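Q: The following block contains a protein sequence and its predicted model.
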Amino acid sequence: MAAFVFDLGAATLHRPKKKATSTTSLPSIARQTSSETTEAERFWGRLVTIAICGVDSRLGVRQAHADANHVLRIWLDRGAIEILSVPRGTYADAGFGTKSLNIIANYRARKGRDAYLRKLAEMTGVRKIDYYVEVGFSQAMGIFELLGFKSSAATTLHVLRTRKAFGIGDHQRCFNQAQFIRQMILRHFPRSEGMLDAMAIRTALALVETNLRYDVVQTILAALRAKGFPQGDNDVTVTLCPRRYRTQEFDISSPEKIIAIARKLDRKLAVRGALPRKPTFRVETYQQRLHGLIVEAARALDRGKPGRAIGLLERPYQQRAWIQLPEQRGRNYFMELLCATLIEAYEATGNILKADEVRHFLAHVGAPAYLDLGIEPSEPVSNRAH
């Protein structure tokens with residue numbers, strides 16, 4: 001047991017409080033959700049908290065709005081997981097003069113990640129957040145594919161981002177996202193010891209922005225497994241913070257069910273006149289923009305300006321921007337081209353550690369050996385990009 005505490009490092013020991021004498025002495029989540037008893041009051045022992053943040057950041061843009069806000073509170077000694085979810089429009093004073101802008105979605109963009117995580121901990125009633133996982137559109141699609149939604153990743157993203165089809169809007173969207181996380185945990189945990197699933201975990205961690213390490217994930221899984229998790233569907237629960245409306249629970253555990261729900265939602269959107277008049281995402285336009293960034297970065301290298309190349313490509317690399325391209329061959333081409341150009345730019349500035357980080361990422365996702373080993377391709381990167 002001591003080994004778990006050592007490996008997890010940030011694991012918190014929670015002890016149940018004595019009987020509360022008034023409502024004001026209850027944890028903040030109890031006040032927000034109007035629940036009489038929270039998991040934190042009923043359970044005690046080691047717990048780990050992981051924030052899952054879905055960020056809306058456009059191609060190459062560093063500013064990120066937090067459109068999905070979920071905290072996994074994992075009770076290691078109980079063998080249970082709570083998903084505490086905050087709708088994006090929930091009030092959070094980000095310092096804007098206009099009250100409508102002071103919402104948790106804008107808090108991340110305005111205050112930065114650390115302040116956002118502290119605010120999210122406050123809003124969900126957890127003591128602190130130990131680890132974070134941030135995913136953008138491209139990264140989310142990569143995760144969906146790893147979870148078995150390879151041919152329906154874009155549809156899955158569409159379903160989990162839809163809010164106008166529901167009367168309660170973003171509260172239902174937030175609940176749907178939490179339910180997807182819940183259903184994926186219940187579906188995939190029983191096979192988490194397999195070699196292929198271990199490889200998938202490593203790949204998932206390589207895709208996202210996170211401070212969560214592979215060894216920590218394995219320690220959490222082992223601790224839960226030792227408690228027989230999951231013994232039933234109720235071992236993973238979802239709570240909205242604040243809980244103001246009655247929500248619907250959908251089965252979104254498979255590609256077939258996702259596609260069926262997408263059709264129903266689109267029919268509702270059509271009736272309400274809320275379907276977009278033109279596609280919100282055009283593959284050709286996106287590919288041209290991505291290619292343009294790589295070309296401009298390659299030209300900057302040719303002019304002896306590697307810093308400019310890094311400025312152009314570092315954020316698209318962090319976003320794993322190529323994953324939004326539907327065709328695998330095109331994805332691989334742009335991934336290799338972008339990463340090779342970025343490696344060259346890092347090395348030109350003497351930043352060998354960052355160059356090696358990109359190579360390490362490519363090793364996880366199975367890129368060609370010349371990138372993994374740092375061997376130069378036969379054709380110069382700048383020539384290939386033009």
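A: Sure, I can see it.
Q: So Asn69: helix, strand or coil?
A: Here Asn69 is recorded as strand under DSSP: H, G, I helix; E, B strand; the rest coil.
Q: Kindly report the same for Tyr245.
A: Classified using three-state DSSP, Tyr245 is coil.
Q: Could I get the pLDDT score of the closest residue in space to it that isn't next to it in sequence?
A: Of all residues not flanking Tyr245 in the chain, Ile168 sits nearest, at 4.3 Å (Cβ to Cβ, 6 or more residues apart in numbering). C-beta: built from backbone N, CA, C; applies to glycine. On pLDDT, Ile168 comes in at 94.
Q: now the one 4 residues further on
A: Taken from the predicted model, the pLDDT recorded for Gln172 is 97.
Q: Could I get the contacting residues of it?
A: When contacts are counted by Cβ atoms under 8 Å, 6 or more residues apart in numbering, Gln172 touches 163, 166, 245, 247-248.
Q: what about 6 Å?
A: Counting by Cβ atoms under 6 Å, 6 or more residues apart in numbering, Gln172 touches 166, 247.
Q: And the one 3 residues further on, by the same measure?
A: When contacts are counted by Cβ under 6 Å, 6+ apart, Phe175 touches 240, 247.
Q: can you confirm it is in a helix?
A: Yes - secondary structure assignment places Phe175 in a helix (three-state DSSP).
Q: how far away is it from Val135?
A: From Phe175 across to Val135, the span is 18 Å (Cβ to Cβ, to the nearest Å).
Q: Likewise for Ala309?
A: If you go by Cβ to Cβ, the gap between Ala309 and Val135 works out to 25 Å.
Q: For the two, indicate the residue with more neighbours.
A: Ala309 (28 against 22; other Cβ atoms under 10 Å).
Q: was I right about the more buried one contacting Arg299?
A: No - counting by Cβ atoms under 6 Å, Arg299 is not a contact partner of Ala309; they are 8.6 Å apart.
Q: give me phi/psi at Asn106?
A: phi -90, psi -20 (degrees, to the nearest 10).
Q: Now do the SS call for the residue nearest to it when sequence neighbours are not counted.
A: Closest residue in space to Asn106, ignoring its immediate chain neighbours: Ala94 at 5.1 Å, by Cβ to Cβ, 6+ apart. What three-state DSSP gives for Ala94 is coil.
Q: Might you report the residue contacts of Ala94?
A: Neighbours of Ala94 in contact, by Cβ under 6 Å, 6+ apart: 102, 106-107, 110.
Q: same thing but 10 Å
A: 101-111, 115-116, 119 (Cβ atoms under 10 Å, 6 or more residues apart in numbering).
Q: likewise Thr247?
A: 166, 168, 171-176, 178-179, 238, 240.
Q: okay, among those, which ones form the most distant pair?
A: By the measure Cβ to Cβ, Phe166 and Val238 form the most distant pair in these, at 15.9 Å.
Q: In a strand, Tyr132, correct?
A: Yes - checked against three-state DSSP, Tyr132 lies within a strand.
Q: How about the secondary structure of the residue nearest to it when sequence neighbours are not counted?
A: In space, and not counting its chain neighbours, Tyr132 is closest to Ala51: 4.5 Å by Cβ to Cβ, 6+ apart. Going by three-state DSSP, the secondary structure assigned to Ala51 is strand.
Q: Quick check, Ala51 in contact with Tyr131.
A: Yes - between Ala51 and Tyr131 there is a contact at 7.2 Å, judged by Cβ atoms under 10 Å.
Q: give the contact list for Ile81.
A: Here Ile81 is in contact with 39, 47-48, 50, 72-75, 181-182, 185-186, 189, 220, 224, 229-230, 235-238 (Cβ under 10 Å, 6+ apart).
Q: would it count as being in a helix?
A: No - Ile81: not assigned to a helix; according to three-state DSSP it is strand.
Q: Dig out what it forms beta bridges with.
A: Using DSSP bridges, the bridge partners assigned to Ile81 are Ile74, Val236.
Q: pLDDT score for Ala200?
A: pLDDT, read off for Ala200, is 87.
Q: in what helix or strand does Met141 lie?
A: Assigned by DSSP states H and E, Met141 belongs to helix 137-146.
Q: count of neighbours near the residue lying closest to Glu193 once chain neighbours are set aside?
A: Once flanking residues are discounted, Glu193 sits nearest to Arg225: 7.4 Å by Cβ to Cβ, 6+ apart. Residues within reach of Arg225, counting by other Cβ under 10 Å, total 15.
Q: how much space between Arg225 and Gln231?
A: Distance of Arg225 to Gln231, given as Cβ to Cβ: 12 Å.
Q: where are the low-confidence patches of the chain?
A: 1-45, 195-196, 278, 366-386 (pLDDT under 70).
Q: got any residues that touch both of Arg225 and Gln231?
A: In contact with both Arg225 and Gln231: Gly79, using Cβ under 10 Å, 6+ apart.
Q: can you count the residues close to Ala200?
A: By other Cβ under 10 Å, the residues close to Ala200 number 18.
Q: what's the answer for the one 3 residues further on, then?
A: Applying other Cβ under 10 Å, we find 17 residues neighbouring Thr203.
Q: isn't it right up against His364?
A: Yes - with contact defined as Cβ under 10 Å, Thr203 reaches His364; the gap is 5.8 Å.
Q: Distance of the closest residue to Ala68 other than its chain neighbours relative to Ile81?
A: Nearest non-adjacent residue to Ala68, counting by Cβ to Cβ, 6+ apart: Gly54, 2.9 Å away. Look at Gly54 and Ile81: by Cβ to Cβ, they are 18 Å apart.
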